[in-house]
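S.K.: Okay, structure incoming, though there's no sequence with it:
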Ligand SMILES: [Zn+2]
Ligand SMILES: [Zn+2]
Ligand SMILES: [Zn+2]
Ligand SMILES: [Zn+2]
């Protein structure tokens, strides 16, 4: 396992870069839905990706696109062998309320599947030694609390709860609006997006891709 | 005067290219309204030009952009010294109805200002020897007829009639949707557009530029 050394923001971005770049060789360039007529995909305001397709333009929200990819990876990990945890250099101790701690024990299995590694360290207290891969939240304890809160509101472990863990992981570890991407990273992101089961909506239901058709443009330019 | 040799379609396009390229050195790159944050302007479907600005994206309709530029040039020419006519190699004879011919005589001044050159050639008949610059209609007689029809419907020479001649000239000689442009031509077109008095609407009132703001994109991506 890699060692997670730093927690500053620049590092977060470059880690997102590394993560996006990871699978360059895994997927051939195959995006039939995209039908891009150009090699160029442009990043707008370090937030949206835009490219020409046969029917006009498509615009992709880079954060939710990455979220969708990571969400499906996380679900597969939870339902399968789990993510490989990354060891953190300075383990954090976190103290919980007794009722929180009780739930923590109940859902430990899922936290471990997603890549957390921790052990008891006194009363209602744990020490976090490993976190999910390619993530640098800096506030691991907070994300664990959020997952506990989710569980409290749901009160049972069901597919929906697993979705929520996966979605939270995906949102926290995806590239953000504001992250500048290289052309190869953009291409890779889009290729992987179209390998997912639902490239058009993020796990929270927000659109990933919008179409700006030539018809719509013609309409706005009053070309009828 | 240049000699106008050919009338095929490819030539029309390359003439449009030449025309767009003509003034490269005349205008420095000054487009404050554009406030482009990038050097890149992309041509979409050989029809629309798209670039990133501080507030989002702007999309420009290349035909009407060029139309606006040529319209203002034509108005200045009609109200000033006129365009330099280009001599055509194979002069065309055109026969009119008597009532058309009468009007033709009445508006000859304006046709000459816009670059037509012709002389009487028998009863109600003219021979066209010169046409407006950088145009290759192939159907000069038809455009003259259209201008005559315009005049018949207006019945007087007023600023509105001059606008209509200029607008017709501009529409016929502007680059079309489907014409592929080089980066330098695109840049030049946009620079010249922003030198006009009304860069946002074409002489026929259609929008030249539409804004696709980041706010609108955020809205469509349900980022609120
Ligand atoms: Zn998110
Ligand atoms: Zn989402
Ligand atoms: Zn037109
Ligand atoms: Zn127009």
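M.R.: Yes, it's here. All values reported here derive from a predicted model rather than from experimental measurement. Ligands and ions are numbered 1, 2, ... in the order given.
S.K.: which regions of chain A sit below the pLDDT cut-off?
M.R.: In the predicted model, chain A carries pLDDT under 70 at residues A:1-38, A:134, A:136-137.
S.K.: what about the longest helix in it?
M.R.: helix A:62-79 (DSSP state H).
S.K.: elements contacting that helix?
M.R.: Here helix A:62-79 touches strand A:48-53, helix A:98-113, helix A:159-173, helix A:183-193, going by 3 or more C-beta pairs under 8 Å, 6 or more residues apart in numbering or on different chains; DSSP states H and E. C-beta here means a position set from N, CA and C on the backbone, and glycine is covered the same way.
S.K.: Flag every residue of chain A that's near chain B.
M.R.: Contact residues, chain A versus chain B (C-beta under 8 Å from any C-beta of the partner chain): A:40, A:42, A:44-45, A:47-48, A:50, A:52, A:56-57, A:59, A:61, A:64, A:206-207, A:210, A:212, A:214, A:217, A:220-223.
S.K.: re earlier: dump the helices and strands packed on helix A:62-79 to a markdown table, plus distance to residue A:77.
M.R.: Converted to a markdown table, the helices and strands packed on helix A:62-79 look like this (distance: least, C-beta to C-beta, whole Å):
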| stretch | distance to residue A:77 |
| --- | --- |
| strand A:48-53 | 26 |
| helix A:98-113 | 6 |
| helix A:159-173 | 8 |
| helix A:183-193 | 15 |
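S.K.: Now do the contacts for the most centrally placed residue in chain A.
M.R.: Centroid-nearest residue in chain A: residue A:170, 2.6 Å away (criterion: C-alpha atoms, centre = their mean). Contacts here follow C-beta atoms under 8 Å, 6 or more residues apart in numbering or on different chains; on that basis residue A:170 touches A:66-71, A:74, A:203.
S.K.: Now render the residues you listed as TSV, adding neighbour count and distance to residue B:176.
M.R.: TSV is the format used below for the contacts of residue A:170 (neighbours: other C-beta atoms under 10 Å in any protein chain shown; distance: C-beta to C-beta, whole Å):
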residue	neighbour count	distance to residue B:176
A:66	26	40
A:67	26	42
A:68	27	40
A:69	25	41
A:70	27	45
A:71	25	46
A:74	26	50
A:203	22	45
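S.K.: of those, closest to ligand 1?
M.R.: Checking the contacts of residue A:170 against ligand 1 with C-beta to the ion, the nearest one is residue A:67 at 5.0 Å.
S.K.: contacting residues for that closest one?
M.R.: A:167, A:170-171, A:174, A:202-204.
S.K.: of these, list those near ligand 1.
M.R.: Applying C-beta under 5 Å from the ion to those, one finds that residue A:171 fall near ligand 1.
S.K.: and the contacts of residue A:67, which two are the farthest apart?
M.R.: Spanning the widest gap among the contacts of residue A:67 are A:174 and A:204, at 11.6 Å by C-beta to C-beta.
S.K.: Which one's more surrounded, the two?
M.R.: More neighbours surround residue A:174 than the other of residue A:174 and residue A:204, with 24 against 15 (other C-beta atoms under 10 Å in any protein chain shown).
S.K.: Thanks a lot, catch you later.
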